[in-house]
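Asks: Structure, please.
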Amino acid sequence: MAKQPNGNYKLSPTPFSKISLKTNNLRVDVDAPLFTDDNNEVLLGYKGNLITFNPNQHYIYNKTFETKVCNVWAKQKMLYKEGSSSIISEIPYDLNTLKISFRSTFLESASENKYQYKLDGFENKWSDWNSSSEADFTNLDDGYYNFSVRTKNVYGMLSKPTVFSFYIKPPWYKTWVAHLFYLIGGLLLLYFGNTLNTIRLKRIRARLKQMVDQQTGELINKSEEILAQKKALEALNVTKDRLFSIISHDLKGPLAQLKSTFDLIDSEDISIEELQVLLPMLNLSIGSTLNLADNLLYWAKSQLDGIQVRQVWFDLKEIIIENYDLFKARAESKSIEIENQIDKTIMVYADRDMINLVLRNLIANAVKFTNENGKITIECETVNGFIKTFVQDTGTGLTKEEIENIFSKGNFFKNGTSGEKGSGLGLIICQDFIEKNGGSLEIESTAGNGSKFIFSLPNITN
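Replies: Numbers count the residues shown, from 1 in each chain. Here you go, the predicted structure:
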């Protein structure tokens, strides 16, 4: 019985823990036979055992107790023994398997004591309670460890944890001496490797020098040939770039416009009236695209040295009439008047197809860059042994810089008065084909005041 602050007495259940039955973590009284003897001892039958309780006996259940570390073994070597003043707290790495035994100073019902331990640095949590008084640890890594152990007696009271600290030394390959050897060995490997690499590089340089000297002589002999090939490749590259530039600029737009119109027709999103409005513009766009395609084919063939000049006698007037008829409808769609002032036969000696393409391009450009209600005039005359043909318009004209860009064969893009695409390719072909036939091309123009294109051909008598 324990006296309370209010003067009452309260029965403490702790001394009866030994003779109680645990069910679902609750302690309940046990229905068991009780006897007394002449010495005032109480006899209790429980689970086949006879338990005695003497009320006059002094019990120490409420006194503190300790848990002692008895022995520490590292494999077969004793590191610590209870009561010994010498403690080996630094353990070699090859003795990293430990067995630790311990005991409790609480001796009443000592067989009922339970132990719990943990090893900080290995697994930082308490083990389950058990009656074993030994703990085994194998293959511990190097480092510092704290072994803690505590006891729970038969009354459920806990002792304070007892701590045993120790340090497992690192293996030899982790020591500073080993690291020093690693460093020295690495430096030696680097030194020898560098020496061998230097010797190898010297041999390679000697072989390369011999090869370079030999090839240099060959390259010097072929330098002129290489330079010529370089210039040819650069010219081809310029041709390629110009070709793709024109294709992307002039061909893509009209084809995309034509596809969009077909898509509208296919989806029935355009009326007959709207289609009739679009047809003249489509016709103009398709005509320009076909003319551009012809120019591209002739120009590409010319640049690749695949075209031959086949000069024959023909009437220049016939070609002019053919192109007049070809562009009459296109000119009328923009209300442009084409006036042909050539009314007599003019025989020339040149490549008929080339001159035909020259006239087609000059008239096409005139239609393209002439505003509505404008005028195009075609005439011809003989001057100083040359037959000169004039194609003059009242269009937008050209600036001095634009004329220089055309003759330098640079990139030249300019849209017509109705949005037609222009790349300057036609004029480049005109200049090239006229020169191949012994003539020349001239441009007289002022921005905003129209243009006059003049090409001359030698006047060769039959």
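Asks: now for stretch 108-117, what's the gap between its first and last residues?
Replies: This stretch, stretch 108-117, spans 21 Å end to end (C-alpha to C-alpha, to the nearest Å).
Asks: ah, wrong one, I meant stretch 332-349
Replies: 33 Å.
Asks: cool, stretch 326-344 as well?
Replies: End-to-end for stretch 326-344, by C-alpha to C-alpha: 20 Å.
Asks: How far off centre is that stretch?
Replies: Relative to its chain's centre, stretch 326-344 lies at 59 Å (C-alpha atoms, centre = their mean, to the nearest Å).
Asks: buried residues in it?
Replies: For stretch 326-344, burial by neighbour count (16 or more other C-beta atoms under 10 Å) applies to 327, 330-331, 333-334, 336, 338, 340, 342. In short, each C-beta sits where N, CA and C put it, glycine included.
Asks: same check, this time on stretch 163-175
Replies: 164, 166, 168-169.
Asks: re the thing from before, among the buried residues of stretch 326-344, which ones are in helices?
Replies: Those of the buried residues of stretch 326-344 mapping onto helices are 327, 330-331, 333, per DSSP state H.
Asks: just to revisit the earlier point, for the buried residues of stretch 326-344, give me JSON lines that also has pLDDT and distance to P5.
Replies: Below are the buried residues of stretch 326-344 laid out as JSON lines (pLDDT from 0 to 100; distance: C-beta to C-beta, whole Å):
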{"residue": "F327", "pLDDT": "84", "distance to P5": "125"}
{"residue": "R330", "pLDDT": "82", "distance to P5": "121"}
{"residue": "A331", "pLDDT": "87", "distance to P5": "125"}
{"residue": "S333", "pLDDT": "84", "distance to P5": "120"}
{"residue": "K334", "pLDDT": "87", "distance to P5": "119"}
{"residue": "I336", "pLDDT": "91", "distance to P5": "124"}
{"residue": "I338", "pLDDT": "91", "distance to P5": "129"}
{"residue": "N340", "pLDDT": "90", "distance to P5": "135"}
{"residue": "I342", "pLDDT": "87", "distance to P5": "139"}
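Asks: Out of those residues, the closest to L183 would be?
Replies: Comparing these against L183 with C-beta to C-beta places R330 closest, at 87.9 Å.
Asks: and the longest helix along the chain, what's its mean pLDDT?
Replies: Scanning the chain for the helix with the most residues, using DSSP H, yields helix 176-246. On average, the pLDDT along helix 176-246 is 82.
Asks: Packing partners of it?
Replies: Packing partners of helix 176-246 (3 or more C-beta pairs under 8 Å, 6 or more residues apart in numbering; DSSP states H and E): helix 272-303.
Asks: V154 - how many residues pack around it?
Replies: By the criterion of other C-beta atoms under 10 Å, V154 has 17 neighbours.
Asks: E108 is in contact with that one, correct?
Replies: Yes. Contact status for V154 versus E108: in contact at 6.9 Å, counting by C-beta atoms under 8 Å.
Asks: So the protein: which segments form each domain?
Replies: 2-53, 67-174, 272-458 (automatic domain parsing).
Asks: And those domains: which comes nearest L233?
Replies: domain 272-458 (13.0 Å).
Asks: Quick one: end-to-end distance for the closest one.
Replies: 53 Å.
Asks: and that domain, how far from the chain's centre?
Replies: Domain 272-458 sits 51 Å away from the centroid of its parent chain (C-alpha atoms, centre = their mean).
Asks: Stretch 66-74 too?
Replies: On C-alpha atoms, centre = their mean, the centre of stretch 66-74 falls 62 Å from that of its chain.
Asks: list the contacts for the closest residue to S131 other than its chain neighbours?
Replies: Nearest residue to S131, sequence neighbours excluded (C-beta to C-beta, 6 or more residues apart in numbering): K114, at 6.0 Å. Residues near K114 by C-beta atoms under 8 Å, 6 or more residues apart in numbering: 129-131, 151-152.
Asks: Which ones among those residues lie within strands?
Replies: Within the contacts of K114, residues falling in strands by DSSP state E are 151-152.
Asks: Can you say which of the contacts of K114 are buried?
Replies: Looking at those with 16+ other C-beta under 10 Å, the buried ones turn out to be 151-152.
Asks: need the buried residues of stretch 163-175 in TSV with pLDDT, can you?
Replies: Listed next are those as TSV, based on pLDDT from 0 to 100:
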residue	pLDDT
F164	91
F166	91
I168	91
K169	92
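Asks: Just the ones of those residues in helices?
Replies: Going by DSSP H, the helices hold none of those.
Asks: Max pairwise distance over those residues: which two?
Replies: Spanning the widest gap among the buried residues of stretch 163-175 are F164 and K169, at 17.1 Å by C-beta to C-beta.
Asks: Would you check that D393 makes contact with N371?
Replies: No. In this structure, D393 is not within contact of N371 by C-beta under 8 Å, at 9.6 Å.
Asks: Show me what the strand or helix carrying N405 packs onto, helices and strands only.
Replies: Element membership for N405 (DSSP states H and E) is helix 400-407. Secondary-structure packing of helix 400-407 (3+ C-beta pairs under 8 Å, 6+ apart): helix 425-436, strand 440-445.
Asks: can you list the residues that contact the helix or strand just after the last one?
Replies: Once strand 440-445 ends, the next helix or strand along the chain (criterion: DSSP H and E) is strand 451-458. With C-beta under 8 Å, 6+ apart as the contact definition, strand 451-458 has outside contacts at 348-350, 355, 358, 362, 365-366, 369, 383, 385-393, 395, 397-398, 430, 434, 437-445.
Asks: what lines up beside strand 451-458 in the sheet?
Replies: The strands beside strand 451-458 in its sheet (DSSP bridges) come out as strand 386-393 (antiparallel), strand 440-445 (antiparallel).
Asks: Tell me which of the ones you listed is the most buried.
Replies: Highest mean neighbour count of the strands paired with strand 451-458: strand 386-393, a mean of 21 (counted as mean count of other C-beta atoms under 10 Å).
Asks: Tabulate the CA atom coordinates of that one in CSV.
Replies: Extracted C-alpha coordinates of strand 386-393, given in CSV (Å, rounded to 0.1, in the frame of the first residue of the first chain):
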residue,chain,number,x,y,z
PHE,A,386,24.1,45.0,-136.3
ILE,A,387,20.4,44.2,-136.4
LYS,A,388,18.9,45.9,-133.2
THR,A,389,15.6,44.7,-131.8
PHE,A,390,13.8,47.0,-129.3
VAL,A,391,11.2,46.0,-126.7
GLN,A,392,10.0,49.2,-125.0
ASP,A,393,7.3,49.5,-122.2
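Asks: Now tabulate the ones in helices among the buried residues of stretch 326-344 in a markdown table and tack on distance to I220.
Replies: Formatted as a markdown table, these follow (distance: C-beta to C-beta, whole Å):
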| residue | distance to I220 |
| --- | --- |
| F327 | 57 |
| R330 | 59 |
| A331 | 61 |
| S333 | 64 |
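Asks: follow-up on the earlier one: could you find the two of the buried residues of stretch 326-344 that are most distant from each other?
Replies: Farthest pair in those (C-beta to C-beta) is S333 and I342. Separation: 24.0 Å.
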